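**Student:** coords below, sequence missing:
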């Protein structure tokens, strides 16, 4: 696996961002072709945007437990 420098990529705005009408999830995943956001056993296909993956879901999901899953089904 290659190393990535924080100054080379837009990885400062990662995580989950809550709004009253939507929640945005963003994760750094340059070595993956596909990533899913998993909430309540439901997989949401994330959109690749450069080296990051992101998805916006309707509603304020503050406090919801979630994790990510890659194309091989490995969760993190």
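**Tutor:** Yep, that arrived. From a predicted model like this one, the values you see are computed outputs, not experimental measurements.
**Student:** C-alpha only now, for contacts and for neighbours.
**Tutor:** Fine.
**Student:** ranges for the helices of this protein?
**Tutor:** For the chain, helices defined by DSSP state H do not occur.
**Student:** Low-confidence regions, it specifically.
**Tutor:** Scanning the chain for pLDDT under 70 picks out the ranges 1-12.
**Student:** Show me where it has its strands.
**Tutor:** 15-18, 22-28, 35-39, 42-45, 47-49, 52-58, 66-70 (DSSP state E).
**Student:** can you redo those as TSV with mean neighbour count and distance to residue 76?
**Tutor:** Output for the strands of the chain, formatted as TSV (neighbours: other C-alpha atoms under 10 Å; distance: least, C-alpha to C-alpha, whole Å):
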stretch	mean neighbour count	distance to residue 76
strand 15-18	15	13
strand 22-28	19	11
strand 35-39	20	10
strand 42-45	14	13
strand 47-49	16	17
strand 52-58	18	14
strand 66-70	16	5
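**Student:** contacting residues around the closest residue to residue 35 other than its chain neighbours?
**Tutor:** In this structure, residue 35 finds its nearest non-sequential neighbour in residue 70, 4.6 Å apart by C-alpha to C-alpha, 6 or more residues apart in numbering. By C-alpha atoms under 8 Å, 6 or more residues apart in numbering, the residues touching residue 70 are 32, 34-36.
**Student:** what does residue 68 give?
**Tutor:** Taking C-alpha under 8 Å, 6+ apart, one finds 35-38, 75-76 in contact with residue 68.
**Student:** How about residue 40?
**Tutor:** Contacts for residue 40 (C-alpha under 8 Å, 6+ apart) come out as 65-66.
**Student:** just the contacts of residue 70 now: which is nearest residue 60?
**Tutor:** Checking those against residue 60 with C-alpha to C-alpha, the nearest one is residue 36 at 19.0 Å.
**Student:** how far away is the closest one from residue 20?
**Tutor:** As defined by C-alpha to C-alpha, to the nearest Å, residue 36 lies at a distance of 23 Å from residue 20.
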